[in-house]
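[1] Curious how this folds, go ahead:
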Amino acid sequence: MPNFPIIDTHLHIFDHSRLSYTGFKGHPIFGRDHHIEDYAAALGRVDVDAMVFLECYADFTPTSGQYLEEIEFVEEEAQRDQRLKAIVPMAPLEWGSRVEPMLEEMASKHPMVRGIRRIVEFDADPRALTLSRDFVEGVNLLEKFGYHFEINVNHTQMDIVREFVRRIPNVRLILDHCGKPGIAEGAIAQYRDDVAELARHPNLWIKLSDLPVEADKKTWTEADLRPFIAATLESFGVERTIYGGDYPVCLQATTLPRWVDVLDKAFADLGLSEADTRKIYRDNANSFYRLGL
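    Just a heads-up that it's a prediction; the model follows:
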């Protein structure tokens with residue numbers, strides 16, 4: 001366990017009485033509420049002094065969504081735990097320039113907002129959405145507000161990300177969950193190729209999170225994850241790799257303390273110094289999300 005408090009850049013909390021999450025219904029983990037107190041209890045031995053909330057794919061339509069309502073819900077949660085310092089909501093960037101008034105409202109009324117995320121993985125046509133003129137325009141518009149953009153895909157969609165990043169020259173980007181690599185499929189060669197190519201874009205960071213969920217959820221071992229951790233650091237280095245816990249999604253395969261233990265051992269075996277590990281667990285997140293710690 002690190003001998004310093006870390007920053008968790010990927011936290012989900014949600015309340016089914018406040019917002020609608022159709023995709024969560026009936027799920028053994030996501031079908032119930034998860035509040036900031038539940039996350040705090042799940043930390044166990046992990047010492048965290050700052051968290052970043054990531055949007056939870058609350059229901060939306062082509063013309064409306066619960067974007068601002070989710071921000072307001074998280075702001076209330078943050079009043080009960082001041083370690084929750086930043087919010088990365090969803091916004092309909094596919095509206096192109098028409099999304100600007102919503103971004104202006106976020107910037108003027110909700111100072112905890114630091115960027116925007118989109119889970120394109122679950123869209124009916126991820127390629128058509130991500131590479132559309134309006135979506136690209138919406139993402140590039142984030143530069144005006146000092147916001148970054150986080151993209152969530154799986155390993156079968158990484159070719160989309162390769163094309164997408166070439167169209168976003170100035171906005172800072174994060175690839176969530178290492179692009180959900182095909183760990184269960186043993187697709188390490190593809191992953192090495194993907195991250196080597198993507199790391200060529202200096203405005204792209206990578207979030208080291210949720211790898212156990214992409215392995216066999218019940219029987220994964222550290223050996224299954226290690227090549228993917230090593231490939232991440234080989235391409236992006238310690239300067240552009242950021243830790244994330246991904247509660248409660250991670251609970252499908254692991255606990256937060258076990259995930260940190262796995263990373264600790266990997267970092268040690270790969271020869272990272274304490275300064276390097278601090279960058280991944282804390283310093284990069286503090287700078288990227290402008291937390292002021």
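
[2] center of the chain, which residue is that?
    By C-alpha atoms, centre = their mean, the chain has its centre lying nearest to D176, at 4.1 Å.

[3] can you pull the pLDDT of it?
    Per-residue confidence (pLDDT) for D176: 98.

[4] all helices of the stretch 101-250 of the chain, in order?
    126-130, 133-141, 158-165, 188-198, 211-214, 222-236 (DSSP state H, counting those that start in this stretch).

[5] correct me, but the residue nearest to the centre of the chain touches N154?
    No. If you go by C-beta atoms under 8 Å, D176 and N154 don't touch, sitting 10.5 Å apart. Every C-beta, even on glycine, is put in place using the N, C-alpha and C of the backbone.

[6] can you count the residues close to K218?
    Using other C-beta atoms under 10 Å, K218 has 7 neighbouring residues.

[7] could you list every residue that touches it?
    K218 sits next to A253 when contact means C-beta atoms under 8 Å, 6 or more residues apart in numbering.

[8] cool, and R18?
    Taking C-beta under 8 Å, 6+ apart, one finds 69, 73 in contact with R18.

[9] now with 6 Å?
    F73 (C-beta atoms under 6 Å, 6 or more residues apart in numbering).

[10] what helix or strand does it sit in?
    Element membership for R18, per DSSP states H and E: none, as it lies in no helix or strand.

[11] if I look at it, how far off is F73?
    R18 sits 5 Å away from F73, going by C-beta to C-beta, to the nearest Å.

[12] Over to F14?
    Distance from F14 to F73, by C-beta to C-beta: 8 Å.

[13] more neighbours, these two?
    More crowded of F14 and F73, by other C-beta under 10 Å: F14, with 23 against 20.

[14] Settle this for me: that one is touching C56, isn't it.
    Yes. Judged on C-beta atoms under 6 Å, F14 makes contact with C56 at a distance of 4.8 Å.

[15] F288 is in contact with A86, correct?
    No. Applying C-beta under 6 Å as the test, A86 and F288 come out as separate, 9.8 Å apart.

[16] which of these two has more neighbours?
    Taking other C-beta under 10 Å, A86 and F288 do not tie; A86 has more neighbours (24 against 21).

[17] got a list of what the more buried one touches?
    52, 112, 114, 289.

[18] Quick check: nearest residue in space to the second one, chain neighbours excluded?
    In this structure, M112 finds its nearest non-sequential neighbour in I87, 4.5 Å apart by C-beta to C-beta, 6 or more residues apart in numbering.

[19] so who does that neighbour touch?
    Residues in contact with I87, defined by C-beta under 6 Å, 6+ apart, are 53, 71, 74, 112-113.

[20] Just the buried ones from the residues you listed?
    53, 71, 74, 112-113 (16 or more other C-beta atoms under 10 Å).

[21] And those, which is closest to E100?
    V113 (14.5 Å; C-beta to C-beta).

[22] I am assuming that closest one contacts E105, so please confirm or correct that.
    No. Shown here, V113 and E105 do not form a contact pair, counting by C-beta under 6 Å, at 9.8 Å.

[23] excluding its backbone neighbours, what's nearest R133?
    G96 (7.2 Å).

[24] Look up how far I229 lies from R172.
    For R172, the distance to I229 - C-beta to C-beta - is 23 Å.

[25] I meant to write D283 there.
    In terms of C-beta to C-beta, D283 sits 18 Å off from I229.

[26] Just want to know which of these two has more residues nearby.
    I229 (21 against 18).

[27] Lovely, talk soon.
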